[in-house]
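Enquirer: sequence unavailable; structure follows:
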């Protein structure tokens, strides 16, 4: 299957700082990538859809100015958590595919963010 | 917001038994249905996908889809302790723009 590389896998940051998470598609070109957030014992919640060369589409309740998404190339999408707070501590996962018929979703390894 | 519902569990079965995981969804236009397994702290990994009504078998796993009832299930035969994980049901939306996940069912297989 397709390979999605997400980095870093684990990060601890201080409140008020920003953290950038990278998601790379290694063997395919992704015009659309998805960013999910997962709190403990909860499901994956779609945060936004990252579109190459255009603005991301955010789900209701997700602050676009806080969670900056950049999808400047067909192989790289980034999520920056700005002015992070402890409540932003979560597991962030990127993925490609799965939304259209006959496609499966391929996930990055996930990033465990802890804000202290 | 379209929804995907699962029993959170935990579902406990003895080793060798059949585990039955259920999922209902609200978007009648959904066409793709997936079962993912997720270990704690890890990304989901695909177990099975199903697009047509009926059963689909792959080894010890059988997915069942009933679009009229908006119901999809996963059967795990000869359950093993290594099957202990959270199982996520995922459904695409009608527009084909997003994959919606259920909260997952935690399965515990005891030896």
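Expert: On my side now, so go ahead. Quick caveat: nothing in here was measured; it's all calculated off a predicted structure. Numbering: from 1, shown residues only, chains lettered A, B, ... in the order given.

Enquirer: per-residue pLDDT of the residue lying closest to residue A:109 once chain neighbours are set aside, please?
Expert: Spatial nearest neighbour of residue A:109, chain neighbours left out: residue A:6 (5.0 Å); criterion: Cβ to Cβ, 6 or more residues apart in numbering or on different chains. (Glycine included, C-beta is placed from N, CA and C.) If you check residue A:6, the pLDDT there is 95.

Enquirer: next one: the one 4 residues further on
Expert: In the prediction, the pLDDT value recorded for residue A:10 is 94.

Enquirer: need the residues that contact stretch B:52-67.
Expert: Contact partners of stretch B:52-67, identified using Cβ atoms under 8 Å, 6 or more residues apart in numbering or on different chains, comprise B:28, B:33, B:35, B:47-51, B:68, B:71-78.

Enquirer: so for it, what gets flagged as buried?
Expert: Neighbour-count burial for stretch B:52-67, counted by 16 or more other Cβ atoms under 10 Å in any protein chain shown, picks out B:61-65, B:67.

Enquirer: output those as TSV; include the columns pLDDT, distance to residue B:20 and secondary structure.
Expert: What follows is the buried residues of stretch B:52-67, written out as TSV (pLDDT from 0 to 100; distance: Cβ to Cβ, whole Å; DSSP: H, G, I helix; E, B strand; the rest coil):
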residue	pLDDT	distance to residue B:20	secondary structure
B:61	97	12	strand
B:62	97	10	strand
B:63	97	12	strand
B:64	97	10	strand
B:65	96	14	strand
B:67	94	19	coil
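
Enquirer: can I get the residues you listed in JSON lines including distance to residue A:11?
Expert: Listed next are these as JSON lines, based on distance: Cβ to Cβ, whole Å:
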{"residue": "B:61", "distance to residue A:11": "35"}
{"residue": "B:62", "distance to residue A:11": "39"}
{"residue": "B:63", "distance to residue A:11": "36"}
{"residue": "B:64", "distance to residue A:11": "40"}
{"residue": "B:65", "distance to residue A:11": "39"}
{"residue": "B:67", "distance to residue A:11": "42"}
